[in-house]
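turn this into a model:
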Amino acid sequence: MQAILALEDGRLFRGKAFGSVVERVGEVVFNTSLTGYQEIFTDPSYAGQIVVLTNPQIGNYGTSPSDAESSRPYIEGLIVREFSPISSNWRSSEVTDEYLERNGVPVVSEIDTRAVVRHLRANGVMRGVISTAVEDTDRLVAMARAHKKMDGTDLASVVSTKTVYTWDSTEKKNETGDKLLPQASASAEQMHVVAYDFGIKQNILRMLTRENCRVTVVPAKTSAADVMALKPDGVFCSNGPGDPEPLDYAIANVQELQGKVPLFGICLGHQIFGLALGGKTYKLKFGHHGGNHPIKNLETGKVEITAQNHNFNVDPNSLPDDVEVTHVNLNDDTLAGLKHKTDPMFSVQYHPEASPGPHDSHYLFKDFRKMMEEWRKP
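This is a model prediction of the structure:
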């Protein structure tokens, strides 16, 4: 069956349909990761987006429940060069095509993804439509143009959990993954972390529990007072989709928690920290999406290869004097990490929990634990 990707500027890309035969609209972004496509599908930060994968073959190792970052895929659709109708991996429990069809995600394959990526790099991310109505292009372009922009949209509260829950610390990813993850000393005192779910990835929860933390996950709009009533040793603010500026509730909660408890933020959580500290955010031309972004730690001078997935960034020039820039993206010199100079509070724009990798930034979870231990001392 033929399918089409229609962009809001009128550019059309024709290919072959896989997955679910449905029509979907969203912001079109590209991801440069070489592996980990199921983790990308199930990352809630991709809510509202159609993802173009630059690796030429997708689907060849199938899918496995242990590789999911959430309970279901959140991408609106998938664009690939070659989509494998079969899987060849001992861990695979379901063919990727069947997995996406069951979860209502359309796929367009046999597209020159190099051309799509070059178009987005030159013109910026834009809204698009995936459809099998390949002759009705005028309608599809009009649909893309009419779709609500991600700028100014609160998606975090949409994807967030609706109830408070405790993460099951026995949750395992796979044997190889467990060996790669750091663990706190067995004799270390357990810490209680309350994690705000703005679209949290499960490997973040695994990483926290492997630092001997008991994790309570709360909805995005949980008040700071309710969080403090849980008596946390630390509060974590997760990744998530959409624009950080509309999240007035989250910004106000971080401001209220600042100085009362150690704080750690990742991705959207980092952007919320930047706004809460008095800074500003802006939208990147085509975002950072992939598993190969170099970050320089300004405190150690070391370079980390990182996984990233965001469209918005904190403006370093907008931050007050009591905030220190700790990490910088070496591709474009954008802000990648910050910390408060006196309060126990730090955040990074990238994903130190990256699954399936890279693993260069695992130390940040140990830094968070150390911060909580020092805060606990009388």
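
what about stretch 261-272, how long is it end to end?
Distance between the two ends of stretch 261-272: 16 Å, counting by CA to CA, to the nearest Å.

so how far is it off the chain centroid?
Using CA atoms, centre = their mean, to the nearest Å, the distance from the centre of stretch 261-272 to the centre of the chain it belongs to is 13 Å.

give me the mean pLDDT for it.
Average pLDDT, stretch 261-272: 98.

need the contact list for the residue nearest to Cys237 when sequence neighbours are not counted.
Nearest residue to Cys237 in three dimensions, chain neighbours excluded: Gly269, at 3.1 Å (CB to CB, 6 or more residues apart in numbering). Every C-beta, even on glycine, is put in place using the N, C-alpha and C of the backbone. Counting by CB atoms under 8 Å, 6 or more residues apart in numbering, Gly269 makes contact with Tyr196, Phe198, Phe236, Cys237, Ser238, Asn239, Gly240, Ser347.

if we use 10 Å, what do you get?
Neighbour list for Gly269: 156, 195-196, 198-200, 204, 235-240, 244, 250, 254, 263, 347-349 [criterion: CB atoms under 10 Å, 6 or more residues apart in numbering].

where does it fall, phi/psi-wise?
Per-residue torsions, Gly269: phi -60, psi -40 (degrees, to the nearest 10).

now do Thr326
Dihedral angles (degrees, to the nearest 10) for Thr326: phi -110, psi -20.

do the same with Val116
Dihedral angles for Val116 - degrees, to the nearest 10 - are phi -60, psi -50.

helices of this protein, start to end?
Secondary structure of the chain, counting by DSSP state H: helices at 37-41, 96-102, 113-123, 137-146, 156-159, 175-180, 202-209, 224-229, 248-257, 268-276, 363-376.

compare those helices and give me the one nearest Trp90.
helix 175-180 (12.2 Å; CB to CB).

find the residue at the geometric middle of this protein.
Centroid-nearest residue in the chain: Ser45, 4.2 Å away (criterion: CA atoms, centre = their mean).

still on that earlier bit, mind putting the helices of the chain in CSV, distance to Ser70 included?
Output for these, formatted as CSV (distance: least, CB to CB, whole Å):
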stretch, distance to Ser70
helix 37-41, 9
helix 96-102, 14
helix 113-123, 25
helix 137-146, 26
helix 156-159, 8
helix 175-180, 17
helix 202-209, 6
helix 224-229, 22
helix 248-257, 19
helix 268-276, 15
helix 363-376, 19
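
so Val303 makes contact with Pro358?
No. Judged on CB atoms under 10 Å, Val303 makes no contact with Pro358 at a distance of 11.5 Å.

which one of those two is surrounded by more residues?
Comparing Val303 with Pro358 by other CB atoms under 10 Å, the one with more neighbours is Pro358, at 16 against 12.

pull the contacting residues for the more buried one.
Gly291, Asn292, His293, Glu304, Ile305, Thr306, Ala307, His351, Pro352.

low-confidence bits of the stretch 101-250 of the chain, can you list those?
169-187 (pLDDT under 70).

try 90 this time
By pLDDT under 90, the low-scoring segments of the stretch 101-250 of the chain are 168-189.

now the buried members of the contacts of Pro358.
Gly291, His293, Glu304, Ile305, Thr306, Ala307, His351, Pro352 (16 or more other CB atoms under 10 Å).

show me the contacts for Val141.
Ala6, Leu7, Glu8, Asp9, Gly10, Arg11, Leu12, Arg127, Gly128, Val129.

brain fart, Asp226
So Asp226 contacts Val164, Val194, Val218, Pro219, Asn253 (CB under 10 Å, 6+ apart).

which of those sit farthest apart?
Val164 and Asn253 (14.8 Å).

neighbour count: the two, which is higher?
Asn253 (24 against 14).

which residues touch that one?
Applying CB under 10 Å, 6+ apart, the residues near Asn253 are 196, 220-227, 235, 237, 247, 272, 276.

now swap in Val52 and tell me
Here Val52 is in contact with 5, 13, 28-32, 77-81, 108, 111, 113-114, 116-117, 119-120, 128, 289 (criterion: CB under 10 Å, 6+ apart).

so what's Ile58 bridging to?
Phe83 (DSSP bridges).

so it sits right up against Leu78, yeah?
Yes. Counting by CB under 10 Å, Leu78 is a contact partner of Ile58 at 7.5 Å.

shared neighbours of those two, anything?
By CB under 10 Å, 6+ apart, the residues touching both Ile58 and Leu78 are Phe18, Tyr37, Ile40, Phe41, Thr96, Val107, Ser109.
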